[in-house]
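In: Generate a structure from the sequence data that follows.
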Amino acid sequence: MARGPGWVAAAALLLLAPGSEAGCAALGRCCRGRDLACVSTGWRPDRSHGACYCDQACPRTLDCCHDYPQACPEASCIVSEWSDWSSCAEPCQMTYRVRRRRVLQEPRNGGDVCPPLEEKAGCVEYWTQQGAECKQFLSPALITTGGYGKARKKRAASTENETTGYCVEFQLTAITEGCLQGNNSYTHWMRHLGEGHTVCVECQYPALDSRSLHCSGDGSESEKNQLLHWQALGNSRCRGTWRRVRQLDTCSCPSIHSFLFI
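Out: Below you'll find the predicted structure:
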């Protein structure tokens, strides 16, 4: 909507008011969006003198006061670093974990708005809140990024009975497009899953069952060249099939193709 003649008349009255000739600095306001009341008097960038504005719309409508960039500098939102991931929301089931960040500086004068302040990712916890183990066998194989292992070990109820783990190499035979569609930072690891790639999946405590000494879905009981199913935790659209290649008692997986059984 164009600035109406009524606002020009109002600006003319401001011209008569003492101390109102110096643009945005004299007005003492920097207004959000399009605000026709955010009007002062002074020189415009086109060298005309009269009504001028100090709102976020004035750079587009070309009627800013000459001192708008100095009096109303643009400032984008600034946020803190992400917090550590929380523990799983619910024990003994597939659920989610959360990380958050906070606003350090609100956006001003047309600066970039704040990005999301919370992210959620898939999660499975193996203990109740009372510390009792609730091991479960999940099928198909559930995998997540290898970086989750450090945080999971920290939350282990006890490390005294920790069993040495192992790694399994798989050749990916099929993968859904959903693995490429996650835009959140915690889903970027799924983009390293590609058809024909050989990936390395670690079975570590506490996902490693203390009785069978295997992780659920590791293919240890499968026949040679049998197609096995897997799914990425945190994105139900990212799944596929793979063939078990071999088991490695000593894990030396390359980080970019290193994953973790859940």
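In: outside of the helix or strand where T241 lies, which residues touch it?
Out: Assessed by DSSP states H and E, T241 sits inside strand 239-248. When contacts are defined by Cβ atoms under 8 Å, 6 or more residues apart in numbering, strand 239-248 is touched by residues 140, 166-176, 178-179, 193, 195, 198-200, 218-220, 222, 225-232. C-betas here are computed from N, CA, C, even on glycine.
In: what do you get for stretch 175-189?
Out: With Cβ under 8 Å, 6+ apart, stretch 175-189 has contacts from 99, 119-121, 144-145, 147, 190-191, 193-195, 232, 234-240, 259.
In: starting at the chain centroid, how far to it?
Out: 12 Å (Cα atoms, centre = their mean, to the nearest Å).
In: Using PDB, write down the CA coordinates of it.
Out: Output of stretch 175-189 as PDB, limited to C-alpha atoms (Å, rounded to 0.1, in the frame of the first residue of the first chain):
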ATOM      1  CA  ILE A 175      18.600 -47.200   0.000                       C
ATOM      2  CA  THR A 176      15.500 -45.000   0.000                       C
ATOM      3  CA  GLU A 177      15.500 -41.300  -1.200                       C
ATOM      4  CA  GLY A 178      14.400 -40.300   2.300                       C
ATOM      5  CA  CYS A 179      18.000 -40.600   3.500                       C
ATOM      6  CA  LEU A 180      18.800 -37.500   1.300                       C
ATOM      7  CA  GLN A 181      15.900 -35.400   2.400                       C
ATOM      8  CA  GLY A 182      16.700 -34.600   6.000                       C
ATOM      9  CA  ASN A 183      17.700 -30.900   6.400                       C
ATOM     10  CA  ASN A 184      18.400 -31.000  10.100                       C
ATOM     11  CA  SER A 185      22.000 -31.100  11.200                       C
ATOM     12  CA  TYR A 186      21.500 -34.300  13.100                       C
ATOM     13  CA  THR A 187      20.300 -36.100   9.900                       C
ATOM     14  CA  HIS A 188      23.300 -35.100   7.700                       C
ATOM     15  CA  TRP A 189      25.100 -38.400   8.500                       C
END
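In: Quick check: what element follows the lowest-mean-pLDDT helix or strand in the chain along the chain?
Out: None of the helices or strands of the chain scores lower by mean pLDDT, DSSP states H and E than helix 5-16, at a mean of 44. The C-terminal neighbour of helix 5-16 among helices and strands, as given by DSSP H and E, is helix 24-27.
In: so what secondary structure elements neighbour that next one?
Out: strand 39-43, helix 68-71 (3 or more Cβ pairs under 8 Å, 6 or more residues apart in numbering; DSSP states H and E).
In: so where's the stretch 101-250 of the chain shaky on pLDDT?
Out: 126-127, 131, 133-139, 146-163, 182-183, 185-186 (pLDDT under 70).
In: That one: strands as residue ranges?
Out: For the stretch 101-250 of the chain, the strands defined by DSSP state E, counting those that start in this stretch occupy 103-105, 118-124, 141-145, 166-175, 198-203, 227-232, 239-248.
In: coming back round to it: going through the contacts of strand 239-248, which ones are buried?
Out: Restricting those to buried positions leaves 166-170, 172, 175-176, 178-179, 193, 199-200, 218-219, 228, 230-232, with burial counted as 16 or more other Cβ atoms under 10 Å.
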